[in-house]
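Visitor: 3D, please:
(chains A and B)
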Amino acid sequence: MAYEAQFYPGATSVAENRRKHMSGKVEKLREISDDDLTIILGHRVPGTDYPSTHPPLAEMGEPECSIREMVEPTDGAKAGDRIRYVQFVDSMYNAPSTPYFRSYNAAINFRGVDPGTLSGRQVVEARERDMEELAKFQLETEMTCPALACLRGASVHGHSLRLQEDGVMFDMLERVRLENGTIIVQKDQVGRPIDKKVDLGKPMSDEEAAKRTTIYRVDNVPYREDKEVLEWVHRVFEQRTMYGYKPAVQE
Amino acid sequence: METSASDTKKPIQIEIFPKRMIKPDTVEGLLNKICSLEGIQRAFIQGPRLPTKVPFGPAVGTPVHHPLRTNVHFGKTEMGLEVLVGRITLELAGKEVMEDINAICEDTLPCGYDIREGRFIQTRQTVSDYAKRGPTADPALYGLYDPKSKIESQVNLLRTNEKE
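Guide: Modelled structure (predicted):
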């Protein structure tokens, strides 16, 4: 029988969503064109070629190396793209994803990415086209609610504040705005105004966000209600502290 | 048994804490109704600042034009709102108006809210206040503005209009 990876314990909706984010089996909710994505990332002008830092690998004449033969380079590495970043910020008020689960999603499902996890933001560095592939995946799927998550290269502090009256996560640079019931992006990641407004679609309702979130909260699914998760967390802590991650010693 | 400020004739302080950050229009409506009540001595609004320019990062210096950074009117006084309001602290002469304030919040705020009684605005000078304002400072202004800024930019005296 083929081994099927198990990602996260627990029987609650939050645990189920965490498993979905880690495995990458998430529902696609919206469509964002390549040009729109390029505009909001703000690294290059839409429609232009990817700038490169070195010639394509095929032209470089790589040294003989068994590892290089075994590992297929990513498309960005093959073409010699620059390293660029995408940074997500997720509200603590039932945003679908969190920095840790964005990182798990990136590290498990994508190659050649370098996820960085911080308390309020999550950054992924990768070759430009690989980074765009990941950013598009995370933006288009249920991992992102346009009102509760945002691409922010700078000034991320709205994630821990209460939501605005209209239900959008606070942003002092106002990169996104609620217009006629849909979320419009009007500035790029770092707060530069963009020429074209990008429509990210309707925000999730409060009920839908509560259903799709990966955040345990006392006002939604409390952490202590998920007995299986607690049991496994206790087990990991015990084995780490008592046995230095050597379960055999426990016997 | 300890005596709290509400049992004495001393002013009491309350904090209105909405479940969401409120828009300038709502702030204007709420504070205008509250200011029309008798016995409101001082009001203090707090929230995250809305900058005029991007303060850091690659786009530093780019104008922000945040639509929530706007002017609001209290009676005849116009005030520039530089924050998105997250909490409102009031100093009351007595507890009698608490029910009215609760009713106003119920009518005006589109979301839930908490009202707490406690000590939220300074009642005496700190050392840095003393260094900045000196021994003859107006006690009504304690804690209402940052000693590093100018009083005119952060404090609005509605009673000036009444005298006019």
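
Visitor: CA atoms for contacts and neighbours, from now on please.
Guide: Fine.

Visitor: Please work out which residue of chain B is closest to chain A.
Guide: When scored by Cα to the nearest Cα, chain B has B:Met21 as its residue closest to chain A, at 4.6 Å.

Visitor: How many neighbouring residues does that residue have?
Guide: 25 (other Cα atoms under 10 Å in any protein chain shown).

Visitor: again with A:Val123
Guide: For A:Val123, the tally of surrounding residues (other Cα under 10 Å) stands at 21.

Visitor: element containing it, please.
Guide: Counting by DSSP states H and E, the secondary-structure element that holds A:Val123 is strand A:121-127.

Visitor: Check A:Met22 too.
Guide: A:Met22 belongs to helix A:13-23, assigned by DSSP H and E.

Visitor: Give the next helix or strand downstream of that helix.
Guide: Per DSSP H and E, the first helix or strand lying C-terminal to helix A:13-23 is helix A:34-41.

Visitor: now that next one: mean pLDDT?
Guide: Averaging the model's pLDDT scores along helix A:34-41 yields 96.

Visitor: what about the helix or strand following it, distance to the chain center?
Guide: Toward the C-terminus, helix A:34-41 is succeeded by helix A:57-60 as the next helix or strand (DSSP H and E). Here helix A:57-60 shows a centroid-to-chain-centroid distance of 31 Å under the convention Cα atoms, centre = their mean, to the nearest Å.

Visitor: Strands of chain A, start to end?
Guide: Shown for chain A, the strands assigned by DSSP state E span residues A:83-90, A:113-117, A:121-127, A:149-151, A:176-179, A:182-187, A:193-201.

Visitor: quick one: pLDDT of B:Asp7?
Guide: Confidence at B:Asp7, expressed as pLDDT, is 55.

Visitor: related to what we said a few turns ago, give me the contacts around the helix holding A:Met22.
Guide: Counting by Cα atoms under 8 Å, 6 or more residues apart in numbering or on different chains, helix A:13-23 makes contact with A:6-10, A:26, A:97, A:101-102, A:104-105, A:108-109, A:143, A:211-216, A:221, all of which sit outside it.

Visitor: are any of the residues you listed buried, and which?
Guide: Among those, the ones that count as buried by 16 or more other Cα atoms under 10 Å in any protein chain shown are A:8-10, A:26, A:97, A:101-102, A:104-105, A:143, A:211-216, A:221.

Visitor: Next step: those residues restricted to helices.
Guide: Counting by DSSP state H, the part of those found in helices is A:101-102, A:104-105, A:211-212.

Visitor: Between which two of the residues you listed is the distance greatest?
Guide: When Cα to Cα is used, the two most widely separated members of these are A:Tyr104 and A:Lys211, lying 20.1 Å apart.
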